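> Quick one, what's the 3D model for this:
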Amino acid sequence: MQMNLNRLFSTSCLHLPRPGLGRAGLIAAITMTSGLGVSLADAQEINAQGWTVLEPSVDTRFIFVSSSSGNDANTGLSPANAVRSFDRAKEMMRDNSADWMLLKRGDVWREGLGTWSLSGRSAEERLVISSYGESDERPKLVISNGSAIGGRMNSEVNNIAIVGLHLRGDRPDEASVTGIRWLSTGENLLIEDCFIEGFKDNITCQAVGGEFRNFALRRSVIADSWSTNGHSQGLYVKQTIGVVVEENVFDHNGWNTSVPDANPTMFNQNVYLQEGVIGIEFHGNITARASAAGVQMRSGGNASNNLVYANGLGIRFGYRTVDWPNESASGSLVGNVVLGGPLAAASLSGAGIGIWVERADNALIKNNVVANFVDGTSPWAYTLNAFAGDVDFIGNVAYDWMGSDNSGKAVKTSAVIEGDVRFIGNRWFMPETDRIFSIRYVDGMEFQNNTVFGMSAGDDVFAIEGSSLSYDEWSDQDFVTGDELEMPQFPDPGRDLDGYAQSIGYSDANAFIEAARGQSRTSWDPRLTGMAAADWIRAGYIVQE
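Numbers count the residues shown, from 1 in each chain. Predicted structure coming up:
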């Protein structure tokens with residue numbers, strides 16, 4: 001039977017007879033489940049609108065929960081007979097099943113789901129926690145202590161989907177409260193279309209006693225984490241293999257000016273993917289206004305088409321504790337746009353670095369734009385530290401990445417090179433800079449066909465192993481071929497987030513971010529994604545291939 005799932009942007013086939021709930025009642029219940037595309041085929045695929053397709057099984061039990069109209073004496077098996085408490089709803093859920101717990105949209109609970117130990121049946125038949133109802137507002141869980149939901153420590157929990165919830169921390173200053181605290185081993189956790197805000201750590205996925213596999217965070221808003229007595233992260237992942245993070249908004253994590261002592265520090269990040277986390281795919285996200293890094297990928301991974309705005313440090317790829325040469329950061333950074341802006345704490349160590357690569361091998365840094373520096377102690381567009389194997393920087397742009405005193409570097413490298421590091425076809429627009437390149441070690445280094453602008457041929461704005469060089473002296477180096485001193489040909493230079501915001505009807509960058517924080521399944525606007533903004537801004541600097 002074909003049907004239109006109302007506001008859910010998908011068409012589904014339902015063949016789910018169940019005692020106690022007629023076919024019409026079951027269909028009505030499914031049409032109110034917060035945008036879950038329900039299909040008996042192609043499970044876990046992405047539909048045409050970009051949302052994960054989740055399917056009930058023939059024996060799925062739907063359990064309805066409402067804080068406004070529920071009663072724990074009810075059956076919980078239909079919207080009209082919803083239960084009230086999460087404890088009662090959890091009692092009705094079956095382990096290793098494809099059961100769905102559905103929370104009424106627009107309702108508010110001042111409690112969490114607590115420690116979670118139940119598993120879904122398989123990756124194709126997940127246990128689902130989501131929502132139902134007509135309201136445009138997600139069901140909201142307001143948490144003052146503990147966690148909104150936590151995977152049980154030292155236990156295996158598999159095949160879970162958490163979709164369409166609003167989790168909000170409302171806590172005393174010193175309380176260590178987490179939105180989703182997943183400490184279980186196991187596999188297959190999906191978080192999609194959630195708004196998670198105001199916790200010490202908004203999401204942690206950190207297997208204790210083993211590892212977790214296949215964590216996905218999609219199309220969610222992760223904002224405003226803070227702490228007065230410890231580190232604070234928007235997303236923290238450790239001991240996890242296979243991580244997909246795409247089309248989310250990470251904003252203003254790690255600090256809160258309205259709470260005394262909830263200050264920005266170098267330890268608080270929007271996204272913190274710890275050393276040893278491998279199989280990372282980080283795409284199409286907005287990561288903005290973090291205390292420190294927009295994203296740390298300590299063991300590397302693949303990141304593309306992300307908008308990285310006004311973070312203390314843009315993208316950190318690799319880290320100083322990676323066990324070189326036994327381990328290295330590998331992967332790619334492609335098509336990301338890193339923009340300056342007002343920082344949470346411009347005086348922090350490393351504040352102002354655009355893209356920081358460290359202890360990397362088999363890495364590609366391509367077609368990224370680092371533009372329009374505003375503030376920070378380290379105005380370095382691209383930096384390569386410690387050690388490097390084979391790393392290619394191809395077709396990247398540094399545009400006006402300089403402090404007010406003309407201190408700024410397009411490239412700063414201090415890495416001992418144990419492979420081949422190549423800078424090919426990059427364009428550096430650094431007018432009046434006092435140091436465009438600073439290269440400590442040249443063995444294994446190649447510069448080919450790059451374009452530089454912002455100085456005269458006689459200016460000593462190049463440095464090799466501590467010695468200053470003019471452009472003519474630079475171009476005579478054996479490792480430099482085809483570099484040119486001329487104005488790069490940019491299609492529309494100077495594009496920034498204010499400009500993109502205005503092109504789609506918003507007043508400025510802050511208004512754009514505020515609108516992006518309002519994204520949800522019921523009001524999704526593809527113009528308010530990291531990919532859309534990055535594409536528009538990057539097109540001003542890079543001729544598209």
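> From what I see, Gln99 and Arg61 are in contact.
Actually, residue 99 is Asp rather than Gln. Yes: the criterion here is Cβ atoms under 8 Å, and Asp99 meets it with Arg61 at 4.5 Å. C-beta coordinates here come from the backbone N, C-alpha and C atoms, glycine included.
> more neighbours, the two?
Using other Cβ atoms under 10 Å, the more surrounded residue of Asp99 and Arg61 is Asp99, with 25 against 17.
> was I right about Ile394 contacting Ala363?
No: at 11.2 Å, Ile394 does not count as touching Ala363 under the criterion of Cβ under 8 Å.
> burial of Gly341, as a residue count?
18.
> one step back: give me the common contacts of Asp99 and Arg61.
Met92, Met93 (Cβ atoms under 8 Å, 6 or more residues apart in numbering).
> Which residue of Ile394 and Ala363 possesses the greater neighbour count?
Remark: of Ile394 and Ala363, Ala363 carries more neighbours, 25 against 16, as counted by other Cβ under 10 Å.
> Chain neighbours aside, what residue packs nearest to the more buried one?
Nearest non-adjacent residue to Ala363, counting by Cβ to Cβ, 6 or more residues apart in numbering: Val391, 4.7 Å away.
> Next one, pLDDT for the one you found please.
Looking at Val391, its pLDDT reads 98.
> Look up the residues forming beta bridges with it.
Ala363, Val421 (DSSP bridges).
> Tell me who's in contact with it.
Val357, Ala360, Asp361, Ala363, Leu364, Ile365, Leu384, Gly419, Asp420, Val421, Arg422.
> what are the ranges of the helices in the stretch 151-300 of the chain?
Here the stretch 151-300 of the chain has no helices by DSSP state H, counting those that start in this stretch.
> Count residues in the vicinity of the closest residue to Gln448 other than its chain neighbours, would you?
Excluding the flanking residues, the one nearest Gln448 by Cβ to Cβ, 6+ apart is Ile424, at 4.7 Å. For Ile424, the count of nearby residues is 17 (other Cβ under 10 Å).
> need the contact list for Ile424.
Neighbouring residues of Ile424 by Cβ under 8 Å, 6+ apart: Asp392, Phe393, Ile394, Gly395, Glu446, Gln448, Asn449, Asn450.
> Please enumerate the helices of the stretch 401-545 of the chain.
471-475, 497-503, 509-517, 530-538.
> Helix or strand with the lowest mean pLDDT in this structure?
strand 11-13 (a mean of 26; mean pLDDT, DSSP states H and E).
> Val259 against Asp173, yeah?
Yes: between Val259 and Asp173 there is a contact under Cβ under 8 Å: 6.0 Å.
> what residues are shared contacts of the two?
Thr228.
> okay but Val411 is in contact with Arg440, surely?
No: if you go by Cβ under 8 Å, Val411 and Arg440 don't touch, sitting 11.3 Å apart.
> between those two, which one's more packed in?
More crowded of Val411 and Arg440, by other Cβ under 10 Å: Val411, with 24 against 17.
> tell me the contacts of the more buried one?
Val411 neighbours (Cβ under 8 Å, 6+ apart): 380-384, 393, 398, 423, 428, 436-439.
> Can you check the pLDDT for it?
At Val411, pLDDT is 96.
> What's opposite it in the beta bridge?
Assessed by DSSP bridges, Val411 has beta-bridge partners Tyr382, Phe437.
> give me the number of residues near the closest residue to Val442 other than its chain neighbours?
Once flanking residues are discounted, Val442 sits nearest to Phe479: 5.6 Å by Cβ to Cβ, 6+ apart. Using other Cβ under 10 Å, Phe479 has 16 neighbouring residues.
> is it true that Met531 touches Asn248?
No: contact criterion Cβ under 8 Å: Met531 and Asn248 do not qualify, at 11.4 Å.
> Neighbour count: the two, which is higher?
More crowded of Met531 and Asn248, by other Cβ under 10 Å: Asn248, with 30 against 19.
> That one against Asn285, yeah?
Yes: assessed by Cβ under 8 Å, Asn248 is found in contact with Asn285 at 4.9 Å.
> follow-up on the earlier one: distance check, the residue nearest to Ala363 against Pro342.
To Pro342, Val391 is 31 Å away according to Cβ to Cβ, to the nearest Å.
> ok, now Pro431?
22 Å.
> just to revisit the earlier point, closest to Ala80 among the contacts of Ile424?
When those are compared for distance to Ala80 (Cβ to Cβ), Gly395 wins out at 59.4 Å.
> what sits against the closest one?
Taking Cβ under 8 Å, 6+ apart as the test, what Gly395 contacts is Lys366, Asn367, Ile424, Gly425, Asn426, Ile542.
> can you do 10 Å?
334-335, 365-368, 424-427, 450, 542-543, 545 (Cβ atoms under 10 Å, 6 or more residues apart in numbering).
> In strands, which of the residues you listed appear?
Val334, Ile365, Lys366, Ile424, Arg427 (DSSP state E).
> re the thing from before, tell me, what's touching Met531 and Asn248 both at once?
In contact with both Met531 and Asn248: His283, Gly284, Asn285, Ile286, Asn306, using Cβ under 10 Å, 6+ apart.
> Using TSV, please lay out those together with distance to Leu485, pLDDT and neighbour count.
TSV is the format used below for the shared contacts of Met531 and Asn248 (distance: Cβ to Cβ, whole Å; pLDDT from 0 to 100; neighbours: other Cβ atoms under 10 Å):
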residue	distance to Leu485	pLDDT	neighbour count
His283	36	98	19
Gly284	36	98	25
Asn285	36	98	31
Ile286	36	98	29
Asn306	31	98	34
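> what two of the residues you listed are the furthest from one another?
So, these by Cβ to Cβ: farthest apart are His283 and Ile286, at 11.7 Å.
> what touches both of the two?
Common neighbours of His283 and Ile286 (Cβ under 10 Å, 6+ apart) are Glu247, Asn248, Asn306, Gly530, Met531.
> Can you tell me which of these is closest to Thr228?
With Cβ to Cβ as the yardstick, the closest approach to Thr228 among those comes from Asn248, at 25.8 Å.
> where does this protein have low pLDDT?
The chain contains residues with pLDDT under 70 at 1-44, 456-458, 543-545.
> returning to what we had before: is it possible to get JSON lines of the ones in strands among the contacts of Gly395 that adds distance to Val163?
Formatted as JSON lines, those follow (distance: Cβ to Cβ, whole Å):
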{"residue": "Val334", "distance to Val163": "29"}
{"residue": "Ile365", "distance to Val163": "34"}
{"residue": "Lys366", "distance to Val163": "34"}
{"residue": "Ile424", "distance to Val163": "43"}
{"residue": "Arg427", "distance to Val163": "43"}
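> and of those, the nearest to Glu187?
Of the ones in strands among the contacts of Gly395, the one sitting nearest to Glu187 (Cβ to Cβ) turns out to be Val334, at 27.8 Å.
> what about that closest one, distance to Gly301?
From Val334 over to Gly301 the distance is 12 Å, taken as Cβ to Cβ.
> out of these two, which sits in the busier spot?
Gly301 (22 against 19).
> List the contacts of that one.
So Gly301 contacts 243, 245, 273, 277-282, 295, 317, 329-333 (Cβ under 10 Å, 6+ apart).
> For PyMOL, what selects the buried ones among the contacts of Gly395?
To isolate the buried ones among these in PyMOL, judged by 16 or more other Cβ atoms under 10 Å, type:
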select buried, resi 334+335+365+366+367+368+424+425+426+427+450+542
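> okay if I get the contacts of Gly395 as a markdown table plus distance to Leu167?
Shown next, in a markdown table, are those (distance: Cβ to Cβ, whole Å):
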| residue | distance to Leu167 |
| --- | --- |
| Val334 | 32 |
| Gly335 | 31 |
| Ile365 | 35 |
| Lys366 | 36 |
| Asn367 | 36 |
| Asn368 | 33 |
| Ile424 | 45 |
| Gly425 | 45 |
| Asn426 | 42 |
| Arg427 | 43 |
| Asn450 | 47 |
| Ile542 | 38 |
| Val543 | 43 |
| Glu545 | 41 |
